[in-house]
Structures are given as C-alpha cells and as structure tokens.
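**Q** quick one, structure for this:
(one chain, ligands or ions: 2)
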Amino acid sequence: MTIRTIVLDNVASRCDGCREIINGTPWRVNLLDVVSPEVAVGWDETALINPGPHQFHGDPTCVRSWMAEKGYLLCRRGEVREIMRPIALPLDPPAFGLCDGIHRDDHEFVPA
Ligand SMILES: [Zn+2]
Ligand SMILES: [Zn+2]
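**A** Ligands and ions are numbered 1, 2, ... in the order given. You can find the predicted model right below:
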C-alpha cells in the first residue's frame, strides 16, 4: 500500500480547465448531487452531472473555463469553492447553474 501511495503522488495530474500539469496539490471541486424537485422529467443522460472531484490549478480562472466548456452557468453572488451546488435551470436546452450556496438572496447566473 505504501508503494501505491507513492506512485499515486508522483502521477502528474492535469487541470480540467486548462489541461496543463498541476504541480503540487490540485484544487479539487466537487459538485453536490442534484436534489431538486424542480428538475423536469424527461431530462436525458446528457443532463446528468459528473460530481467529480474535478481537479484544477488553485485558480478560479481554470475552474471557470471548465464550467464554460461544460455549459454550466456560475452564480455571481457566490464564489468558486471546493463544493458547488448545481441548480437546474429552466432553459432550453436545459442547463445547470453552479453556486456555493452560501448567500441567502436570489441566484444570479451568468456565463462562467
Ligand atoms: Zn489550470
Ligand atoms: Zn447563488
């Protein structure tokens, strides 16, 4: 087990945002399960979210470029954190907005 741990530590991980190698500890971002009764029936597999963890350089820019690539919107009242809550948005095509869920007022989703 010790050897396995060492090997894992030495494997270069790549940033999900800019695809460059991450030196040191990656910034891991997890998406919580979608628990929303508002999710419309009929969403197909493409609407499902990969909860992660997704790993990035310690830079919100990398996370945002990943979000943009995936078509997620970002709530500008929150910040990019290790745990993000996906909120299903009634858009066509359906999209998810990501928010840290800390603020108490309404979300304001904008393109990441
Ligand atoms: Zn990066
Ligand atoms: Zn929000």
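**Q** hey, which helix is longest across the chain?
**A** Counting residues, the longest helix found in the chain (DSSP state H) is helix 60-70.
**Q** helix or strand right after the helix or strand bottoming out on mean pLDDT in the chain?
**A** When the helices and strands of the chain are scored by mean pLDDT, DSSP states H and E, helix 2-10 comes last with a mean of 53. Beyond helix 2-10 on the C-terminal side, the first helix or strand identified by DSSP states H and E is strand 13-14.
**Q** what mean pLDDT does that following strand have?
**A** In this model, strand 13-14 has an average pLDDT of 92.
**Q** next, see if that strand gets close to ligand 1.
**A** No. Strand 13-14 lies apart from ligand 1 when judged by CB under 5 Å from the ion; the minimum separation is 8.3 Å. (Each C-beta comes from the backbone N, C-alpha and C, glycine too.)
**Q** counting by contacts, list what that strand packs against.
**A** strand 21-22 (3 or more CB pairs under 8 Å, 6 or more residues apart in numbering; DSSP states H and E).
**Q** next to ligand 2, which bits of the chain? Give me the list.
**A** Residues of the chain lying near ligand 2 (CB under 5 Å from the ion): Cys75, Arg77, Gly78, Cys99, His107.
**Q** at 6 Å what do you get?
**A** By CB under 6 Å from the ion, the residues of the chain that approach ligand 2 are Cys75, Arg77, Gly78, Cys99, His103, His107.
**Q** which strands and helices sit next to the longest helix of the chain?
**A** Using 3+ CB pairs under 8 Å, 6+ apart, the elements in contact with helix 60-70 are strand 27-31, strand 54-56, strand 73-75.
**Q** distance from the longest strand seen in the chain to the middle of the chain?
**A** Using DSSP state E to define each element, the chain has its longest strand at strand 83-89. Centroid displacement of strand 83-89 relative to its chain, using CA atoms, centre = their mean, to the nearest Å, is 9 Å.
**Q** tell me, how many residues neighbour Pro111?
**A** As a burial measure, Pro111 scores 11 neighbours (other CB atoms under 10 Å).
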